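1. What would the 3D arrangement of this be:
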Amino acid sequence: RVKFKALAAADQGALSEQDLRRIDGLLGALILSTTDRNENIVRMLASVSNGDMRHALDMFREFLSSGNTNVDKIIDILERQGTYTVSFHEFAKAAILGSRKYYQASVSHIVNLFRQSDALGSSHMTACRILARLTAAEGVASTHGEGFVIASTLLREYRQSFGYAEDLIQWTGELIRRNLIESEPPRAIDLSRADALRITAAGAYYWRYFVRSFAYIDLVFVDTPLADQTVVRRLETMADKTDLSARIERVRMFLEYIARKEHEELQVSAERAGPFQEGLMPKITSKIQAEMGMIRRKLGISEPHAS
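-> As a prediction, the model looks like this:
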């Protein structure tokens with residue numbers, strides 16, 4: 001902020017004192033929101049960057065410069081109320097999208113855990129299952145070190161549950177590459193080249209917090225191919241809408257679809273007596289529904305009428 005003031009002072013004709021006060025207030029509010037007032041934002045920056053300060057600063061820069069950040073609204077609230085705290089879903093949307101209108105997994109810092117691979121028997125839930133399984137092993141001793149799970153054990157469990165493991169192999173490679181899990185030996189290409197795997201701090205954040213947040217689902221749904229044409233058509237009609245009521249409704253529809261697919265897959269696992277029996281979507285959905293309810297109450301948005 002001091003540096004900014006010095007630069008502005010060198011060109012006094014460009015900005016008025018009122019402009020400078022507005023910018024100073026804006027930067028102050030944004031910095032406080034992302035370093036002190038909102039622990040969810042602080043946790044996201046620290047975890048998703050995996051300790052890479054440059055990565056964290058890039059995400060903050062994206063938020064500041066993104067066309068997805070409503071700067072005029074923030075300044076207006078600051079002038080009327082004297083304070084403003086950036087909400088997590090507001091920060092996450094701008095930081096993840098940057099200057100883009102829609103989320104694209106291929107160019108984003110953020111991994112879409114619900115994307116299906118091109119492997120036979122692929123599932124929307126494979127990445128989440130990997131992270132959940134490795135999270136359960138945190139703190140457990142192994143021959144490779146605390147928290148590591150033997151690769152052959154993961155393969156056996158997945159094959160016993162679902163019959164195919166190619167999806168598991170592809171996703172472990174992607175999660176290693178994106179630093180959500182780590183391998184022994186280090187930087188193995190995928191599960192077939194690894195002796196053991198364990199979750200990283202970034203992976204634990206994705207599983208415990210990110211995947212259970214409204215902001216995350218609201219972004220990644222647009223880059224997640226679905227097999228139900230009725231759901232796809234309904235989501236397409238809502239993709240361009242920016243009001244929170246529409247955003248909440250499309251997140252609800254997406255979660256219902258993923259939960260339905262997971263239920264079908266777990267029925268197969270139950271018939272095969274596989275170890276993957278517990279559904280992950282109920283906890284994910286419950287957490288996001290609670291957050292959406294809080295957003296509705298905060299903004300005075302009424303609940304949708306039952307059909």
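2. Just the endpoints, please. Distance across stretch 63-72?
-> 14 Å (C-alpha to C-alpha, to the nearest Å).
3. What average pLDDT does that stretch get?
-> The predicted model assigns stretch 63-72 a mean pLDDT of 71.
4. Select the longest helix from this structure.
-> Assignment by DSSP state H gives helix 244-271 as the longest helix of the chain.
5. Can you list the low-confidence ranges for the stretch 201-307 of the chain?
-> With pLDDT under 70 as the threshold, the stretch 201-307 of the chain has low-confidence stretches at 304-307.
6. next SSE after the longest helix of the chain?
-> Scanning the chain past helix 244-271 towards its C-terminal end, the next helix or strand to appear is helix 281-299 (assignment: DSSP states H and E).
7. so what does that following helix touch, helix or strand wise?
-> The helices and strands touching helix 281-299, judged by 3 or more C-beta pairs under 8 Å, 6 or more residues apart in numbering; DSSP states H and E, are helix 214-220, helix 244-271. C-beta here means a position set from N, CA and C on the backbone, and glycine is covered the same way.
8. Provide a list of residues in contact with I74.
-> Shown here is I74, whose contacts under the criterion C-beta atoms under 8 Å, 6 or more residues apart in numbering are 26, 29-30, 84, 86.
9. can we see that at 10 Å?
-> Contact analysis of I74 by C-beta atoms under 10 Å, 6 or more residues apart in numbering lists 22, 25-26, 29-30, 33, 84, 86, 90.
10. Select, from the residues you listed, the two members most distant in space.
-> Checked with C-beta to C-beta, the contacts of I74 reach their widest spread between R22 and E90, with 18.8 Å between them.
11. ok, and the closest non-adjacent residue to L32?
-> Residue nearest to L32 in three dimensions, not counting chain neighbours: T85, with 7.7 Å by C-beta to C-beta, 6 or more residues apart in numbering.
12. Next, give phi and psi for that neighbour.
-> phi -120, psi 120 (degrees, to the nearest 10).
13. S183 too?
-> With angles defined as degrees, to the nearest 10, S183 sits at phi -120, psi 160.
14. Any idea how many residues pack against the nearest residue to T69 once chain neighbours are set aside?
-> Among residues not flanking T69 along the chain, A94 sits closest, at 4.3 Å (C-beta to C-beta, 6+ apart). By the measure other C-beta atoms under 10 Å, the count of residues near A94 is 23.
15. Which of the helices and strands packed on helix 281-299 sits closest to V231?
-> V231 sits nearest to helix 244-271 of all those, at 5.1 Å, using C-beta to C-beta.
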